[in-house]
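Asker: Here is the input, now give the coordinates:
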Amino acid sequence: MDQLSQSPSKAVSRQEIAGSSLLWNNAACLPLSAQGCRQCADACPADALHFRTGIPSVTPQCTECARCAAACPTDALTRKHFPAPAAPVLRAGDSAYIDCSKVPRTRSPEGAIRVPCLGAISTGWLLTLQDQIGDTPVILLNRGWCASCPSGDASTCSANAVVADAGRMLADAGLPAQLQARIELHPLPLAQMPEAIPAAVEETMISRRGFFSRGFSEAAGLASGALSVNGSTGHAPLPPLVALGRVIPAEQIRRMTALLNIRSRHPGTPATLPLPAVSIDSDQCENHGICSAVCPTGALAKYDDNGTAGIRFNALLCVSCRQCERDCPQQAVRFTTLRGTTPQDIDRELTRHPVKVCVKCEDEFSGDPGETCPVCRKTQALFVRRDVTNEPSGNAVA
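Answerer: Model (predicted):
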C-alpha cells in the first residue's frame, strides 16, 4: 500500500499521495484535530482511502474520481488539475454545462466544464459557479454511465445529493427554480465509456490554486464584515480566520460567500443562512473550556468580559465534527446539523458565568455555583473518600 512516508508532524503541506492524483495538506486535515472526521474515506466508492496514524494512503483500487476531495470540508484533500468553478464564455441564451471527463471531448458541449466524476463536485463548488455566471442555468449532463462506473452510484446520478442540497440553498436565496442547477439525462452508448478516468490534466484556464486563493480572500472579506446581505453587513465582524491558528472551514465559507453574493442580487429574500447550531446547558456547564480546546476550527471559543466569562460560537466556522459534544465531561453541549441562522446570530454567546475567587486557593474560576473552584472541590472530595476508606470497619476480631 502506497502512502506518505513522513509522520503527520513533519509532513509538508500539499504533498502528493502516492498512487493517486490527490494532494494532502496535513495542516488542514481534521483527522489530526477531530477524531470523528471520516468524510473523505466514507465518500470513496472503492473504499480505497485509509488513514493510519493520521496519514492518508490509497490502495490500487483508487479510481481517481476525487469524490473524497469533494467531501473534505477543509480542502485538506484536493485533486491535481481539478477545474475551478470559473464562468465559461457563453453566448446569450446558452447554459453552462458540466460533463464527465470520461466522455470523449468531441461529445461534450463547447465550453463545458469537464470533471473526473459528477460526484466530485461539492455544494460550495456548485454554488460558486452559480454565483459567477449569474442568472444562467447550470446543467450537469447525466450520460447514463453512473450505474456501470466503478466511481458511480448504483441506482442514481452521483451528483443528485449535491444538486438537491444546492437547490434548497438557492431557492432560499431567491434564485428562480428555472435558473438553479439541474441534472439532465443525455445518454451515450455504454460502449463509449472508457474503463478508467483520464489522467488529471488542466481543463480550464483558471487553476484550482487560484480558486482557493480567491475563496480565502472572499473569506477574509466575510470575516471583516465586507460582504453583505441585501446591502448591509447585517452582523458583527467575524474573527480573522487566519489569526485563529485553527483549520479553516473552506467549503463552508465558499457556500456562504456564494449565497450572500446571490442574495445581494435578489433583494427581499429571507435573511437566514443554513448553518449548524450548538447550544450549551448553562446549569451543567463548568466553563472549563474543553469544548473550545478540542474545536479544530475555533468555532467555539472562551471569552472574558468585565467580571464574566463563557463560551462563544461562530456558526460560519463550524464543520459539524461534533467533537465538542463528545468530549464535554458534563454532556452540556448539544449540536444541531442545520438551521436558519440570521446574520446577526452567526457569532453569539452561548454561556455567561460570573468570575469568582476560590475561598481555598484564591484562583479565579467561573461556571460553578459554589464558592470553591472545581479543582479544590474535587481534591477535597478525594481526601474525604480516602479517609472513609481508611476508617476501621468496627468489625475486626480483637
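Asker: neighbours of the residue lying closest to Ala147 once chain neighbours are set aside, just the number please.
Answerer: In space, and not counting its chain neighbours, Ala147 is closest to Ala154: 5.6 Å by Cβ to Cβ, 6 or more residues apart in numbering. Bear in mind the C-beta positions are built from the backbone N, C-alpha and C, glycine included. Applying other Cβ atoms under 10 Å, we find 9 residues neighbouring Ala154.
Asker: Same check on Ser148?
Answerer: 10.
Asker: I'd like the distance between it and Gln192.
Answerer: In this view, Ser148 and Gln192 are 12 Å apart by Cβ to Cβ, to the nearest Å.
Asker: do the same with Ala277
Answerer: In terms of Cβ to Cβ, Ala277 sits 47 Å off from Gln192.
Asker: quick one: the strands in the stretch 151-300 of the chain?
Answerer: In the stretch 151-300 of the chain, the strands defined using DSSP state E, counting those that start in this stretch lie at 182-185, 273-280, 300-305.
Asker: what's near enough to touch the residue sitting nearest the centre point of the chain?
Answerer: The residue lying closest to the centre of the chain (Cα atoms, centre = their mean) is Pro73, at 2.9 Å. Neighbouring residues of Pro73 by Cβ atoms under 8 Å, 6 or more residues apart in numbering: 30, 39, 249-252, 319-320.
Asker: closest to Ala196 among those residues?
Answerer: Ala196 lies nearest to Gln39 out of the contacts of Pro73, by Cβ to Cβ, at 24.7 Å.
Asker: What are the phi and psi values at Gly307?
Answerer: phi 80, psi 10 (degrees, to the nearest 10).
Asker: What's the local residue count around Thr257?
Answerer: Neighbour count of Thr257, defined by other Cβ under 10 Å: 23.
Asker: any idea how far it is from Gly124?
Answerer: 9 Å.
Asker: Check Gln39 too.
Answerer: For Gln39 relative to Gly124 (Cβ to Cβ), the value is 13 Å.
Asker: With Val138 instead?
Answerer: 14 Å.
Asker: what about those two, which has more around it?
Answerer: Just comparing Val138 and Gly124: by other Cβ under 10 Å the higher neighbour count belongs to Gly124, 25 against 22.
Asker: Okay, and that one sits in which element?
Answerer: helix 123-133 (DSSP states H and E).
Asker: looking just at contacts, which helices and strands does that helix meet?
Answerer: strand 138-142, helix 160-172, helix 250-264 (3 or more Cβ pairs under 8 Å, 6 or more residues apart in numbering; DSSP states H and E).
Asker: Identify each buried residue in the longest one, please.
Answerer: Neighbour counts using 16 or more other Cβ atoms under 10 Å place 250-264 of helix 250-264 among the buried residues.
Asker: mind pulling up the phi and psi values for the residue nearest to Ala147?
Answerer: According to degrees, to the nearest 10, Ala154 has phi -60, psi -40.
Asker: closest to Leu185 out of the helices and strands packed on helix 123-133?
Answerer: strand 138-142 (4.8 Å).
Asker: Now the terminal residues of stretch 152-166, how far apart.
Answerer: Stretch 152-166 has an end-to-end distance of 20 Å (Cα to Cα, to the nearest Å).
Asker: Determine how far that stretch lies from the middle of the whole chain.
Answerer: In terms of Cα atoms, centre = their mean, to the nearest Å, the centre of stretch 152-166 is found 19 Å from the chain centre.
Asker: Give the rounded mean pLDDT of that stretch.
Answerer: Summarised as a single mean, pLDDT over stretch 152-166 is 88.
Asker: cool, stretch 95-109 as well?
Answerer: For stretch 95-109, the mean pLDDT works out to 93.
Asker: Over to stretch 304-311?
Answerer: 87.
Asker: So which bits of that stretch are buried?
Answerer: Neighbour-count burial for stretch 304-311 [16+ other Cβ under 10 Å]: 309-311.
Asker: can those go into JSON lines with extra columns for distance to Pro60 and secondary structure?
Answerer: Formatted as JSON lines, the buried residues of stretch 304-311 follow (distance: Cβ to Cβ, whole Å; DSSP: H, G, I helix; E, B strand; the rest coil):
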{"residue": "Ala309", "distance to Pro60": "53", "secondary structure": "strand"}
{"residue": "Gly310", "distance to Pro60": "51", "secondary structure": "strand"}
{"residue": "Ile311", "distance to Pro60": "46", "secondary structure": "strand"}
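Asker: Which single one of these is nearest to His186?
Answerer: Looking across these and measuring by Cβ to Cβ, the closest to His186 is Ile311, at 51.1 Å.
Asker: Make TSV out of the strands of the stretch 151-300 of the chain and add distance to Arg79.
Answerer: Compiled in TSV, the strands of the stretch 151-300 of the chain are given as follows (distance: least, Cβ to Cβ, whole Å):
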stretch	distance to Arg79
strand 182-185	22
strand 273-280	26
strand 300-305	31
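Asker: of all those strands, which lies closest to Ala332?
Answerer: Taking the strands of the stretch 151-300 of the chain one by one with Cβ to Cβ, strand 273-280 is closest: 5.3 Å.
Asker: any idea where the helices of this protein begin and end?
Answerer: Taking DSSP state H as the test, the helices found in the chain are 39-43, 67-71, 123-133, 160-172, 208-223, 250-264, 290-294, 323-327, 374-390.
Asker: Check those helices for me: which has the lowest mean pLDDT.
Answerer: The minimum mean pLDDT among the helices of the chain belongs to helix 208-223 (a mean of 47).
Asker: Let me know the closest of the buried residues of helix 250-264 to Gly174.
Answerer: For the buried residues of helix 250-264, the nearest to Gly174 is Arg263 (6.3 Å; Cβ to Cβ).
Asker: Same question for stretch 130-137: list its buried residues.
Answerer: Those would be 130-133, 136-137, for stretch 130-137 by 16+ other Cβ under 10 Å.
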